[in-house]
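*Asks:* Next comes the sequence, and after it the predicted model I'd like to discuss.
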Amino acid sequence: MVGSGSIGLPTKAQRRVKDFEWYNRPTDDLHPKMLEVALARKREIAKKYGWPCDF
């Protein structure tokens, strides 16, 4: 419905799917500096949802 006041922000379910996809992205080919950033983001996501995080 156009004009319903929605500004296109992701719903909780959409955000969770995006976070899940990001969390499961392989990090094998990342440069060491980017690996630090990627693992930090994965830790944030894991903490947010209570997912296991052993890295």
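*Replies:* Looks like it arrived, so ask away. Numbering: from 1, shown residues only.
*Asks:* Low-confidence ranges, this protein, go.
*Replies:* Filtered on pLDDT under 70, the chain yields the residue ranges 1-7.
*Asks:* how about the residue nearest the centre of it, what does it touch?
*Replies:* The centroid of the chain falls nearest to residue 19 when counting by CA atoms, centre = their mean (2.7 Å). Applying CB atoms under 8 Å, 6 or more residues apart in numbering to residue 19 gives the contacts 45, 48, 49. All C-beta atoms are positioned from the backbone trio N, CA, C, and that covers glycine.
*Asks:* Any quick PyMOL command for the buried ones out of those?
*Replies:* Those of those that count as buried under 16 or more other CB atoms under 10 Å are selected in PyMOL with:
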select buried, resi 45
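*Asks:* Could you export the contacts of residue 19 as a markdown table, including secondary structure and distance to residue 24?
*Replies:* Formatted as a markdown table, the contacts of residue 19 follow (DSSP: H, G, I helix; E, B strand; the rest coil; distance: CB to CB, whole Å):
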| residue | secondary structure | distance to residue 24 |
| --- | --- | --- |
| 45 | helix | 10 |
| 48 | helix | 15 |
| 49 | helix | 12 |
